[in-house]
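>>> with the sequence up front, the predicted model follows.
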Amino acid sequence: MNLRIIAVGKIKDNYLNEGIEEYRKRLSNWLKIELMELKANKVARGSEEALQEEGRRIIKKIKTNEYVIALTSEGKHFNSQALAEKMQRIFSAGYSNIDIIIGSHEGLSEEVKKRADLLLSLSKLTFSSQLTRLILMEQIFRCMKIIKGEPYHR
């Protein structure tokens, strides 16, 4: 199973990179995880045009046969058990590639949201896109432990 996280912007803080790499290492027995960082759009920042341009660059990275999860504030909320069950259903449906999209601080374009198979919210709180990557990795690890029936999630 391949999981790719496509995120706009680069992580600047070493402690976040170290945490992400730690979870990537822990997950390596179950998933191949690729982290793809797209350059943030600095031209006309904050405009609808910039958001659309970021969306086009994200869409170009997605293949047609991939299951796409877009992280967005209006997405569905899951508890850990329900998210693990959802991930298990995705795996069981035969998808070998899952893309998880994290937009810039501007969010995601409507084009990206329409392409997504699932709109997911990790919290009602707002996190930086950099911190979101670490939280996401921990949640993926938690899901895999639940799926495998191993202790961790309690």
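Okay, I see it. Since the structure is predicted, the reported quantities are computational estimates derived from the model, not experimental observations.
>>> past the longest strand along the chain, which element shows up next along the chain?
Criterion DSSP state E: the longest strand present in the chain is strand 67-76. Next along the chain after strand 67-76, taking DSSP states H and E as the criterion, comes helix 80-92.
>>> so what does that next one touch, helix or strand wise?
Judged by 3 or more CB pairs under 8 Å, 6 or more residues apart in numbering; DSSP states H and E, the packing partners of helix 80-92 are helix 129-147. For glycine as for every other residue, the C-beta is placed from the backbone atoms N, C-alpha and C.
>>> which residues sit against the helix it packs on?
Outside helix 129-147, the residues that touch it by CB atoms under 8 Å, 6 or more residues apart in numbering are 3, 5, 7-9, 11-13, 16, 19-20, 23-24, 26-27, 30-31, 33, 35, 71, 80-81, 83-84, 87-88, 91, 100, 102-105, 122-123, 127, 151-153.
>>> so which of those residues belong to helices?
Using DSSP state H, the members of these that fall in helices are 16, 19-20, 23-24, 26-27, 80-81, 83-84, 87-88, 91.
>>> partners of the residue nearest the centre of the chain in the sheet?
Of all residues in the chain, the one closest to the mean position by CA atoms, centre = their mean is Ile100, 3.3 Å from it. As for beta bridges, Ile100 partners with Ile5, Ile69 under DSSP bridges.
>>> which of the contacts of helix 129-147 count as buried?
3, 5, 7-9, 11, 16, 19-20, 23-24, 26-27, 30-31, 33, 35, 71, 83-84, 87, 91, 100, 102-104, 122 (16 or more other CB atoms under 10 Å).
>>> any idea of the angle the lowest-mean-pLDDT helix or strand in the chain forms with strand 67-76?
Within the chain, judged by mean pLDDT, DSSP states H and E, the helix or strand with the poorest mean is helix 48-61; its value is a mean of 92. If you take axes from the mean of the first three to the mean of the last three CA atoms, to 10 degrees, helix 48-61 sits at 140 degrees to strand 67-76.
>>> any buried residues in helix 48-61, and which?
Buried residues in helix 48-61 (16+ other CB under 10 Å): 50-51, 54-55, 57-58.
>>> CA atoms only: put it into CSV for me.
This file holds the C-alpha atoms of helix 48-61, laid out as CSV (Å, rounded to 0.1, in the frame of the first residue of the first chain):
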residue,chain,number,x,y,z
GLU,A,48,-8.6,33.4,-5.6
GLU,A,49,-6.2,33.2,-8.6
ALA,A,50,-3.4,32.0,-6.4
LEU,A,51,-5.7,29.4,-4.9
GLN,A,52,-6.7,28.2,-8.3
GLU,A,53,-3.1,28.0,-9.5
GLU,A,54,-2.1,25.9,-6.4
GLY,A,55,-5.1,23.7,-7.1
ARG,A,56,-4.0,23.1,-10.7
ARG,A,57,-0.6,22.1,-9.6
ILE,A,58,-2.0,19.7,-7.0
ILE,A,59,-4.4,18.1,-9.6
LYS,A,60,-1.5,17.5,-12.0
LYS,A,61,0.1,15.3,-9.3
